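>>> sequence first, then the predicted structure, then my questions.
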Amino acid sequence: MTFRINRRGVLAGGAAALSASAFGLPGAAFGQETRLRLMWWGSQPRAERTFEVSNLFMEENPEVVIDGETVGWDDYWPRLATQVAGRNAPDIIQMDYRYIFEYARRGALAQLEGHVPDVLKVSDFDQAAIDGGSVDGSLYGISLGANSSAMMINAAAFEEAGIEIPDNSLTFDEMKRIGEEITKAGKRENFYGLSDGSGIEPFFENFVRQRGKALYTEDGELAFDAEDTREWFELWAAMRESKACVPPDLQALDKNQIETGMVSLGHAAVSYAHSNQLVGYQTINKDPIVMHPYPRIEPGVGGGHYRKPSMFFSVSSQCENPEAAAAYISFFVTDPDAATILDVERGVPESAAVREALAPQLDDTGRAAVEFIGGLGDLAGPLPPPPPLGAGEIDKMLLRISQEVSFGQHTPESGAEAFVTEAQSILSRG
Amino acid sequence: MTTIASPASPYVPTGGRFARALSRNGAGYMFLLPWFIGFFGLTAGPALVSLYLSFTNFDLLTEPRWIGTANYVRIATADPRFVASIQVTFFYVLLSVPLKLAFALLVAMALNRGMKGLPWYRAIFYLPSLLGTSVAIAVLWRQLFAGNGLVNSFLANFGIQGPSWISNPDYSLYTLVVLSVWQFGSPMIIFLAGLRQIPQDMYEAASLDGASKWRQFWKITLPLLTPVVFFNAVVQTIEAFKAFTPAFIISGGTGGPINSTLFYTLYLYQEAFGFFRMGYASALAWILLVIVALFTAFSFLTARYWVHYDD
């Protein structure tokens, strides 16, 4: 969308052309410039930071021009897919763990290990970050930061109801009690303790992982059963029953964006999100927001959370100058000035050196995001296998069936049966 | 297309009929060229490609593979969301089109009394139609009918705690129907033009005979207006089948809560751009084409029994 030529770039180009012609060389200076298109999803603060880093890179590398495009998450994937299909893919693609396997295996992404370590200086990355961006033994994505799923708590609403923010030993039972008390305190209009989490896929995943299962196996089969799902739906039916969480017609306003979460809309004191989104939540909420891990199913049981790459930069296989693209990505994740601009808005940086350099500059929100990832302790387990084809559809289906249960069209039991049956049919269709 | 036929000359120069036709009408075809390019390049071409794709498993990223009628078989036999989207769409069409036409006619008759400043009123009433398909109006609707929206604030004055209209499956589709009815502008303008065509002396004669206003409406206005009603009904029905933006914006692209606002076009969009099943979505698109064509054909077939042309 943006078309930038900075002044120095024009001058340098002009000077090069002059000198080339003066020495009787073929005037090849024009056309030497490398243009790279960069596309990412995200909010306005992310766009500002990304453009700023691109400008910094162009100042240091005047022969490269970075054109940035940005859209929201939901519109991003259709646009990317149509551009890839139209042989018009952006050179540098922001990629998600959910899609990287699909794109890599279909040959849409370039292998990056050839650029390590000379161009891509990722030697001090955590191994988990490198593994997370690898598909079938090749590196396709450079992690831009680590995050984990998290609950966003409106601290002011807790205080008004006279409730302390719980520590990491919090269980579902205690959370239910807290939700009921906040609702009963009635300090705000149309306000409840918790959001309804029954349709939130990462929350459900956390729940089944605590039960020693997962969403999907290595071979892309369902790794939980109808019994797990039934108990999940029953747990939330009890929450709704006792008014610990919002009623279904309020929850349905949540479009899985920061702006439409129940906390941001002022309907509940607790929402479910990802740790890097704390920056966004705090930006649009007047009340102080604190982060908390998901509750435990029983005291002492953990392992539901995991630390995952929040997003990657990948290079398109159609890119004409992958080395320049790799240089940009390397700058993005290792340059100290870039790190200062980017902060932890895309997650906690993966490079140990960058993390150290950044630590003293962080504000309270940034520090909380870093400490959250570091402080998960026994609540965190290993990275699950990548989601199979159709996982995105199952995510949307969970939301739909959770609504059918909460609006009373299904019992928890029949809803669980329907969910597992439909999920299996989606997976077999691929 | 009629051309002024020049009498055929017995002394025809060499060259076939085609060349002759071209030399005679060449300029005309040149002027039509932009339309030809647009029609074949942007309408007919992609439509035919989509017909081909509907028999493949095209997913945007890999080459399409021919799978015969598998997409159509699946739609007909094993797709509950297709059934849900058909139900929602038919409900929407059958409810919103008659309501919208009735409302448009009502406003048109109110405006047809030779009042002062008619062009202003006409423009104001037409305005919602101009904005109708825009994203902004859908966003506004979401704000009006949300849990803490304007509608519920108004109801609260009377001690009524309204539900969150747009996010409750019992009401969400009705809010979309209301949105559609509110955009009565374009049928209203056409009704207004039709009302102007009815000769005043008919009403005068009826009044002399003692016919009430009510009776005049049923015996004079409506019968003479049926060609306009017919035109509006066909156009609005097709529009309603194609409705997409309001459901997309208000439900956040999900067609929810549950499947309550899953318009056919929205389901098609989800399959194509949400789950990348372009082949399947192409099949859905062709089924929609057939449905709309059947509806239109049905309207034309029944028209002779209720549309009165002045001849």
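Great, that's in hand.

>>> for residue B:273, see how far away the closest residue to residue A:99 other than its chain neighbours is.
Residue nearest to residue A:99 in three dimensions, not counting chain neighbours: residue A:77, with 7.0 Å by Cβ to Cβ, 6 or more residues apart in numbering or on different chains. For glycine as for every other residue, the C-beta is placed from the backbone atoms N, C-alpha and C. Shown here: residue A:77 relative to residue B:273, a distance of 8 Å by Cβ to Cβ, to the nearest Å.

>>> do the same with residue A:244
37 Å.

>>> tally of neighbours for residue A:397?
By other Cβ atoms under 10 Å in any protein chain shown, 19 other residues sit near residue A:397.

>>> quick one: it and residue A:422 touch, right?
Yes: Residue A:397 is in contact with residue A:422 according to Cβ atoms under 8 Å; the separation is 5.7 Å.

>>> does residue A:37 count as helix, strand or coil?
Secondary structure assignment for residue A:37 (DSSP: H, G, I helix; E, B strand; the rest coil): strand.

>>> what about it, how many residues close to it?
For residue A:37, the neighbour count with other Cβ under 10 Å is 20.

>>> re earlier: looking at residue A:244 and residue B:273, which is more packed in?
Each of residue A:244 and residue B:273 has its neighbours counted (other Cβ under 10 Å); residue A:244 has more, 25 against 20.

>>> and the closest residue to that one other than its chain neighbours, how far from residue A:195?
Using Cβ to Cβ, 6+ apart and skipping the chain neighbours, the partner closest in space to residue A:244 is residue A:179 (3.1 Å). Here residue A:179 is placed at a distance of 9 Å from residue A:195 (Cβ to Cβ).

>>> need the overlap of contacts for those two.
The contact sets of residue A:179 and residue A:195 overlap at A:245, A:270 (Cβ atoms under 8 Å, 6 or more residues apart in numbering or on different chains).

>>> tell me which of those two has more neighbours.
Higher neighbour count among residue A:179 and residue A:195: residue A:195, with 29 against 24, using other Cβ under 10 Å.

>>> so does stretch A:256-268 get close to chain B?
Yes: using Cβ under 8 Å from any Cβ of the partner chain, stretch A:256-268 reaches chain B at A:256, A:260, A:265-267.

>>> ok, and the most crowded of those?
That'd be residue A:267 among the residues of stretch A:256-268 next to chain B, by other Cβ under 10 Å, with 24 neighbours.

>>> with just CA atoms, put stretch B:165-178 into CSV.
Extracted C-alpha coordinates of stretch B:165-178, given in CSV (Å, rounded to 0.1, in the frame of the first residue of the first chain):
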residue,chain,number,x,y,z
TRP,B,165,-30.7,-8.4,19.8
ILE,B,166,-27.9,-9.1,17.3
SER,B,167,-26.3,-11.8,19.4
ASN,B,168,-29.3,-13.8,20.4
PRO,B,169,-30.3,-16.4,17.8
ASP,B,170,-34.0,-15.8,18.4
TYR,B,171,-33.8,-12.2,17.2
SER,B,172,-30.6,-11.7,15.2
LEU,B,173,-32.2,-12.5,11.8
TYR,B,174,-35.1,-10.1,12.5
THR,B,175,-32.6,-7.2,13.0
LEU,B,176,-31.3,-7.9,9.5
VAL,B,177,-34.8,-7.9,8.2
VAL,B,178,-35.5,-4.6,9.8
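
>>> alongside chain B, which residues does chain A contribute?
So chain A meets chain B at A:74, A:77-78, A:81-82, A:84-85, A:102-103, A:106, A:108, A:190, A:248-253, A:255-256, A:260, A:265-267, A:390, A:392-393, A:396, A:399-400, A:403-404, A:407, A:409 (Cβ under 8 Å from any Cβ).

>>> got the residues of chain B near chain A?
B:60-62, B:146-148, B:163-164, B:166-169, B:252-254, B:256-259, B:273-276.

>>> give me the buried subset of these.
Among the residues of chain B next to chain A, the ones that count as buried by 16 or more other Cβ atoms under 10 Å in any protein chain shown are B:60-61, B:146-148, B:163-164, B:166-169, B:252-254, B:256-259, B:273-276.

>>> helices - which of these land there?
Per DSSP state H, helices hold no members of these.

>>> shaky segments in the chain?
Just going to use chain A. A:1-32, A:430 (pLDDT under 70).

>>> wait, I meant chain B there
For chain B, the stretches with pLDDT under 70 are B:1-15, B:132-133, B:310-311.

>>> the stretch 101-250 of chain A: strands as residue ranges?
Assigned by DSSP state E, counting those that start in this stretch, the strands in the stretch 101-250 of chain A fall at A:134-135, A:138-139, A:142-143, A:146-147, A:149-154, A:192-194.

>>> list the contacts for residue B:169?
By Cβ under 8 Å, 6+ apart, the residues touching residue B:169 are A:403, A:407, B:256-258, B:260.

>>> want to try TSV for these, with distance to residue A:169 as columns?
Output for the contacts of residue B:169, formatted as TSV (distance: Cβ to Cβ, whole Å):
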residue	distance to residue A:169
A:403	32
A:407	34
B:256	35
B:257	35
B:258	37
B:260	40
